[in-house]
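Participant: I need the structure of the sequence given here:
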Amino acid sequence: MAERRQRREWEAEYVSEYTRVAFPGLPVKYHVRLGTWPTPLSAPDLSEEERAMLRVRMRWADAIVLGPGQLTVIEGKLRPSEYLKGVGELRLYVHLVPHTPELELWKGARLAGRLVIPIQDPTVDMLARQDGLDVSVFKPSFWPEFTAAIHARERRPIRPEEAQLITP
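Facilitator: Have a look, this model is predicted:
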């Protein structure tokens, strides 16, 4: 039997490196559960498998930077095919912060959402700005190793001419 190679958590590593560089000296919480705990599901018309699928409703931000008077919710995406998903996740995460009991101490702090990506994508930039989110382009130290490990089609961001199709 072949020895199983340990899975590398690329995005967790990415976000950790980014926060050390972008927010030196500030406290950071990683893999933060957001929102309230889900209530039990009791709908009689759901199968046990469907109930199990719906139990996975917890939302987890990659990181939250605890700055003076501001919380910055960080979502990192290494693959261009995941950038748009990151924008949607951030929108939800920023909304959930005030409803997270573990973050009660920071109630009233200014909230910011930041998508961290290694390759600029003009369309994602525009969509994020429309939603009041920041986009930061950051290539990690392990970028060559990561790109060698993924398929070529996952490395390509959206084509720049597509950015013209979205009006600001």
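Participant: would it be right to say that residue 13 lies in a helix?
Facilitator: Yes. Assessed by DSSP: H, G, I helix; E, B strand; the rest coil, residue 13 belongs to a helix.
Participant: how many residues are close by residue 18?
Facilitator: Neighbourhood size, residue 18 [other C-beta atoms under 10 Å]: 22. In short, each C-beta sits where N, CA and C put it, glycine included.
Participant: tell me which residues in the one helix or strand it maps to are buried?
Facilitator: Counting by DSSP states H and E, the element that carries residue 18 is helix 10-22. If you call a residue buried by 16 or more other C-beta atoms under 10 Å, then helix 10-22 has these buried ones: 10, 11, 13, 14, 15, 16, 17, 18, 19, 22.
Participant: would TSV of those with distance to residue 31 and pLDDT be doable?
Facilitator: Below are those laid out as TSV (distance: C-beta to C-beta, whole Å; pLDDT from 0 to 100):
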residue	distance to residue 31	pLDDT
10	14	93
11	10	94
13	12	97
14	13	98
15	9	98
16	10	98
17	15	98
18	14	98
19	12	98
22	18	98
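Participant: can you put those residues in JSON lines and add distance to residue 113?
Facilitator: Listed next are those as JSON lines, based on distance: C-beta to C-beta, whole Å:
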{"residue": "10", "distance to residue 113": "21"}
{"residue": "11", "distance to residue 113": "16"}
{"residue": "13", "distance to residue 113": "21"}
{"residue": "14", "distance to residue 113": "17"}
{"residue": "15", "distance to residue 113": "14"}
{"residue": "16", "distance to residue 113": "18"}
{"residue": "17", "distance to residue 113": "19"}
{"residue": "18", "distance to residue 113": "14"}
{"residue": "19", "distance to residue 113": "14"}
{"residue": "22", "distance to residue 113": "14"}
